[in-house]
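Undergrad: have a look at this prediction, sequence included:
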Amino acid sequence: MANLATKLSKSLLPYSKIILQFRTLSTSHTPLEETLKAAVESKLYTKIPDLFDSFKQSKNNPSPFSFLSTFPFNLRTRVIDEIIQSLIPIRPRFRNSIVYSSLLSYTLQNSNLFPLYLAIIQCTLRSGCLPVPQTHVSLSSAWLDSRREGQSVGDILMEMKSIGYNPDCGLCNYIVLSLCNVDQLIEAVKVLKGMRKVGCFPDWESYGIVIGAMCRVRKCDDAIELVKEMVVKMSLSPRQGVVVKVLAALRANREMRKAGEMIEFLENEGYGVGFESYELVVEGCLECKDFILAAKVVMGMTEKGFIPYIKVRQKVVEGLIDAGEWKLACTVRERFASLSS
């Protein structure tokens, strides 16, 4: 037990010295910035999360890493990289969240540090944390500034490799999400298509983010094209929620023919369309009084083993009768009867 205590004391000795220094600084009302500077100069990077905890630093306060601006650029870049790398093994990972946030706040002040800014976002996401919501706006602004300077999507992402980081799908998805959140859909699509050039292949989430954003502003044709691209070109299956969003937008636009074609396309490609999608299209057809298309969709539903709600069944049959489609109404009614039995 005595040996254990001795070993523990020795392992904590460097930390004890720096803590003593921190206490001295704290009692003289020295800000966290000076305390961090002492830790950085001592290369005690792994203690940085503890410093934020002890000073109760708020995420909304100015970045305490501003002292790094006094360092030569190459040294500043190396120090930030060393801090990022030192945080990776720290557990639990959420302890690093406020450190990442402060580093993001600082690196954003200098456009030359944008590759590091992206690297910090990547590390934040990999740690299981999310950057503060304001990051969507600041990232989009910085990204668009870089694009206005003539840099391509690939050029910006490749700059990360120059400092030892490789962009991944998670980072690209966050960039796409940020751009969609500020209504930069055209640029989001460019990132979606450009990320492949740096070895980051879009996944179902990448497409889902953009398709969902397009549906919110009812850009249905563009959303349909992306669905077809992800299914045919990328061999990806859209999530049920994404399909529902597209069909709901088409229903809002009263474009039920396109909605029916979407279901037919997905079924032909081997994608299992869910009950909610079918029901949504049928109800849209009834609203538009397109009873023949409604009958076609409900017949497709029954082939999948789905039974429409009783009120929907009644409206389809009654609508067909009113439209003079007696033969089709009888066929649909017989199908419903066979399912009920």
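TA: The structure has been received and is ready for your questions.
Undergrad: distance check, the closest residue to Gly128 other than its chain neighbours against Leu87.
TA: Spatially, and ignoring its direct neighbours in sequence, Gly128 is nearest to Arg93 (5.3 Å; Cβ to Cβ, 6 or more residues apart in numbering). Just so you know, the C-beta spots here come from the backbone N, C-alpha and C atoms, and that holds for glycine as well. Between Arg93 and Leu87 the computed distance is 9 Å (Cβ to Cβ, to the nearest Å).
Undergrad: do Leu177 as well
TA: Computed as Cβ to Cβ, the Leu177 to Leu87 distance reads 23 Å.
Undergrad: contacts for stretch 67-83?
TA: In this structure, residues lying in contact with stretch 67-83 by Cβ atoms under 8 Å, 6 or more residues apart in numbering are 33-34, 36-37, 40, 43, 45, 48, 99, 103, 106-107, 109-110, 112-113, 116, 119-120, 163-164.
Undergrad: give me the more crowded residue out of Leu177 and Leu87.
TA: Just comparing Leu177 and Leu87: by other Cβ atoms under 10 Å the higher neighbour count belongs to Leu87, 22 against 19.
Undergrad: where does pLDDT dip in the chain?
TA: Under the criterion pLDDT under 70, the flagged ranges of the chain are 1-30, 57-61, 341.
Undergrad: quick one: the strands in it?
TA: Taking DSSP state E as the criterion, the chain carries no strands.
Undergrad: quick check on the contacts of stretch 67-83: which are buried?
TA: Among those, those classed as buried by neighbour count (16 or more other Cβ atoms under 10 Å) are 36-37, 40, 45, 48, 99, 103, 106-107, 113, 116, 119-120.
Undergrad: which ones are touching Thr124?
TA: With contact set as Cβ under 8 Å, 6+ apart, Thr124 has these partners: 96-97, 100-101, 104, 130-131.
Undergrad: and if we set it to 6 Å?
TA: Shown in contact with Thr124 (Cβ atoms under 6 Å, 6 or more residues apart in numbering): 100, 131.
Undergrad: measure it to Ser69 for me?
TA: The spacing between Thr124 and Ser69, counted by Cβ to Cβ, is 22 Å.
Undergrad: quick one: the helices in the stretch 201-341 of the chain?
TA: The residue ranges that make up the helices of the stretch 201-341 of the chain, judged by DSSP state H, counting those that start in this stretch, are 204-216, 220-228, 240-252, 256-268, 275-287, 291-303, 310-322, 326-340.
Undergrad: list of residues touching the first one?
TA: With contacts defined as Cβ under 6 Å, 6+ apart, helix 204-216 is touched by 173, 176-177, 180, 185, 188, 192, 222-223, 226, 230, 236, 242, 245-246, 249.
Undergrad: ok, now with 8 Å
TA: Identification of contacts with helix 204-216 by Cβ under 8 Å, 6+ apart yields 169, 172-173, 176-177, 180, 185, 188-189, 192, 195, 220, 222-223, 226-227, 229-230, 234, 236-239, 241-242, 245-246, 248-249.
Undergrad: show me the contacts for the closest residue to Val332 other than its chain neighbours.
TA: Spatial nearest neighbour of Val332, excluding adjacent residues (Cβ to Cβ, 6+ apart): Ala295 at 5.1 Å. If you count contacts by Cβ under 8 Å, 6+ apart, Ala295 has them with 316, 320, 325, 328-329, 332.
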